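Novice: Based on what follows, work out the 3D shape:
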Amino acid sequence: MSNDKMNPAKIDEYISTFPEAVRIKLERLRQTIREAAPGAEEAISYKIPTFKMNGNLVHFAAFKKHIGFYPEPSGIEAFKEELTKYESAAGSVKFPIDEDLPLDLIRRIVKFRVKENQEKK
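Specialist: Reported below is the predicted structural model:
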């Protein structure tokens, strides 16, 4: 589902390319990140939606079978016990496209990353 040839300039443009059910999930994810990281800047990096605050905070992307969430390796490590039901790697986690997003968990991961990036200042 992710458009490899796509080169969006803004998050709205990225989200608009997906079917309605996926767009709804992506907007909920975006809103959750906004609420957890007020003041974070929206951007496109690596051709995917990105939030920045004192550097990259988190990224996300939609694919055919999952929504990828990229909170840096530290975000995965800090919540590894809660992420065990999802496929994950050093800096990413895959949320199945046909399941509800764990928005509370995502919110807590984003808040962790905000604190982490603020401490880098």
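
Novice: and the end-to-end length of stretch 88-108?
Specialist: Terminal residues of stretch 88-108 lie 17 Å apart, using Cα to Cα, to the nearest Å.

Novice: Please point out which parts of that stretch sit buried.
Specialist: 88, 91-95, 97, 101-103, 105-106, 108 (16 or more other Cβ atoms under 10 Å). Any C-beta I mention is one placed from the backbone N, CA and C, and that applies to glycine too.

Novice: biggest separation within those, which pair?
Specialist: In terms of Cβ to Cβ, these reach their longest pairwise distance at Ile97 and Arg108, which sit 21.8 Å apart.

Novice: Please identify the next secondary structure element, helix or strand, after the helix or strand encompassing Lys25.
Specialist: Taking DSSP states H and E as the definition, Lys25 sits inside helix 20-36. Following helix 20-36 in sequence order, the next helix or strand is strand 41-45 (DSSP H and E).

Novice: send the alpha carbons of that next one over as PDB?
Specialist: Extracted in PDB, the C-alpha atoms of strand 41-45 (Å, rounded to 0.1, in the frame of the first residue of the first chain):
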ATOM      1  CA  GLU A  41       6.900  20.000  13.900                       C
ATOM      2  CA  GLU A  42       5.300  17.900  11.200                       C
ATOM      3  CA  ALA A  43       7.500  17.100   8.300                       C
ATOM      4  CA  ILE A  44       8.200  14.500   5.600                       C
ATOM      5  CA  SER A  45      11.500  12.600   6.000                       C
END
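
Novice: May I see the buried residues of stretch 109-121?
Specialist: Buried, per 16+ other Cβ under 10 Å, within stretch 109-121: 109-110, 112-114, 116-117.

Novice: same deal with stretch 31-47?
Specialist: For stretch 31-47, by 16+ other Cβ under 10 Å, it's 32-33, 36-37, 40, 43-44.

Novice: for stretch 24-32, same thing?
Specialist: 25-26, 29-30, 32.

Novice: Which stretches in this protein count as helices?
Specialist: 11-16, 20-36, 72-78, 103-120 (DSSP state H).

Novice: can I get those helices in a markdown table with mean pLDDT?
Specialist: Formatted as a markdown table, those follow (pLDDT from 0 to 100):
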| stretch | mean pLDDT |
| --- | --- |
| helix 11-16 | 96 |
| helix 20-36 | 98 |
| helix 72-78 | 96 |
| helix 103-120 | 96 |
